[in-house]
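> okay, structure incoming, though there's no sequence with it:
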C-alpha cells in the first residue's frame, strides 16, 4: 500500500499549492490513500465546509486537524457530518467530531487517529500517550496511522518509540517546519514534522512584516496569512502488503522555482 501524507495546508497559498502539485504526485507515487492536515486551511486558522469539500474534491481521502480545529464557527455546522475528518482526541471541546476513523483501502482496514501533544499546547486535557492507549484498546484495524499535532520533536519521537510496532505510522504536524528525520522505527514510519504547504516567503505561513512587528514592538497584530509562491511538504510511505510494516519512507519538499525575497 502506498500512502501520501501532506503537511499543514496554510491558507489560500497552501490550497493552491496542493492543487498544483497533487496531480503530479499522484502520478509519481500512485498513492492508495492521501491524508492531509487541514487545520490551517481557512485563512490560516481552522477550516470551513467549503474548503473541506474543496480538499476532498482534489483527491484527499482524510483530513486531520489540530489546535485550530474550532477557530472557525462554521466547523460546528458540519463537523458532525464530516466523515473524512478527524480532530484531536485529547483537546477540548470534546463533544464535537470524531478522533479516529477507519477507511477500507483495497480491502485493508486503515484507522487514522488525531492527537495533540501536551507540551506548550492549550486546551489539552490528557496526555497523548494515555489517549493513544485508550484508542488502541477500542479500535481494531489492519493499519493504524497517527497525526500527532505538537510543538516538540522530543515528545513526537518518544511517542513514536513507545507505540512502534503497535501503530504503523506516526507523522508530526503543527510546527510548519519540515524535519529531516524521516525513518522507519521497528516497521513504523515516522517523521517529527511533515512541514507545511504554504507561502514560502513567510513565518510559518504568516505575513513576515506582521510577525516581525509582533516580536519587536507592543503593537497588536492580526493573523495575516502570507501570499505568493508556496512550498509543498509531505511524506510518502510504502507498506508491505503481507507484513503491513513500512518498507520505504521518502520526505517530499517542493520549493517554488522562482522566489523573490
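Right, received. Where do you want to start? What you see is a predicted model; the values in this text were computed from it and never measured.
> and the strands in the stretch 151-261 of the chain?
Ranges of strands in the stretch 151-261 of the chain, per DSSP state E, counting those that start in this stretch, are 169-173, 183-185, 188-191, 196-199, 230-239, 246-254.
> go through those and name the closest to residue 24.
Residue 24 lies closest, by CB to CB, to one member of these: strand 246-254, at 9.0 Å. No exception for glycine: its C-beta is placed from N, CA and C like everyone else's.
> how about the closest one: buried residues?
The neighbour-count check on strand 246-254 (16 or more other CB atoms under 10 Å) flags 246, 249, 251-252, 254 as buried.
> adding distance to residue 140, write the strands of the stretch 151-261 of the chain out as CSV.
Listed next are the strands of the stretch 151-261 of the chain as CSV, based on distance: least, CB to CB, whole Å:
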stretch, distance to residue 140
strand 169-173, 17
strand 183-185, 22
strand 188-191, 17
strand 196-199, 32
strand 230-239, 17
strand 246-254, 20
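> tell me which of those strands sits most buried.
Using mean count of other CB atoms under 10 Å, the stretch among those with the largest mean neighbour count is strand 196-199, at a mean of 30.
> quick one: average pLDDT of it?
Mean pLDDT, strand 196-199: 98.
> so which other helices or strands are in contact with that strand?
Identification of packing neighbours for strand 196-199 by 3 or more CB pairs under 8 Å, 6 or more residues apart in numbering; DSSP states H and E yields strand 8-9, helix 11-29, strand 230-239.
> ok, which of the ones you listed comes nearest residue 119?
With CB to CB as the criterion, residue 119 lies closest to strand 8-9 of the helices and strands packed on strand 196-199, at 17.9 Å.
> show me what the closest one is packed up against.
In terms of contacts (3+ CB pairs under 8 Å, 6+ apart), strand 8-9 is packed against helix 11-29, strand 33-37, strand 196-199.
> I am finished for the moment; much appreciated.
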